[in-house]
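1. give the three-dimensional model of this entry:
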Amino acid sequence: MDESAVASPSLASGRRRASSVLAAVGVAVVITLVVEVLVGYDLRSPAMSGNPPIDIGAGTVAVVAALVGLAAWALASILEPRVARPRRIWTTVAAVVLAVSLFGPFSGPAATADRLILTALHLVVGAILIVAFRPSLPESRTR
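-> All right, here's what the predicted structure looks like:
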């Protein structure tokens, strides 16, 4: 059997996943820069455990979006060879993680604008990763 035929679906999945992570990071950073530079709004996290709100800049957004994307990739790589229906399980887990992440912007006192912008960032990054990663996973595992 030709080795390139075996390696190419994995290579295509890897490229798709890498571009998905980069797209999620890029869109999140653009949103943050628009909010901060064009609108002039200083995005801040909710105050937690008596600590004051923390300034959230484009760098923080980029790092967090990249970590979330890499975690999504790691989960896909773990599930793919081990479960019968990797696409379904990955999508379910990703949707639950996204839903739980939406509690973050409401976890402490914060301005309404901060809550809305942070919620939008969570939804955008989650949607990009879910929509883009899902086709990279097989519907069912081949034996």
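2. which other helices and strands contact the lengthiest helix in the chain?
-> Criterion DSSP state H: the longest helix present in the chain is helix 3-33. Under the contact definition 3 or more Cβ pairs under 8 Å, 6 or more residues apart in numbering; DSSP states H and E, helix 3-33 sits against helix 58-79, helix 112-133. Where you see a C-beta, it was placed from the backbone N, CA and C, and this is true even at glycine.
3. buried residues in that helix?
-> 13, 17, 20-21, 23-25, 27-29, 31-32 (16 or more other Cβ atoms under 10 Å).
4. out of the helices and strands packed on helix 3-33, which gets nearest to Met48?
-> Closest of the helices and strands packed on helix 3-33 to Met48 is helix 112-133, at 12.7 Å (criterion: Cβ to Cβ).
5. adding distance to Phe133 and pLDDT, write the buried residues of helix 3-33 out as JSON lines.
-> Output for the buried residues of helix 3-33, formatted as JSON lines (distance: Cβ to Cβ, whole Å; pLDDT from 0 to 100):
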{"residue": "Ser13", "distance to Phe133": "9", "pLDDT": "87"}
{"residue": "Arg17", "distance to Phe133": "6", "pLDDT": "95"}
{"residue": "Ser20", "distance to Phe133": "6", "pLDDT": "96"}
{"residue": "Val21", "distance to Phe133": "9", "pLDDT": "98"}
{"residue": "Ala23", "distance to Phe133": "11", "pLDDT": "98"}
{"residue": "Ala24", "distance to Phe133": "10", "pLDDT": "98"}
{"residue": "Val25", "distance to Phe133": "14", "pLDDT": "98"}
{"residue": "Val27", "distance to Phe133": "15", "pLDDT": "98"}
{"residue": "Ala28", "distance to Phe133": "16", "pLDDT": "98"}
{"residue": "Val29", "distance to Phe133": "19", "pLDDT": "98"}
{"residue": "Ile31", "distance to Phe133": "20", "pLDDT": "98"}
{"residue": "Thr32", "distance to Phe133": "22", "pLDDT": "98"}
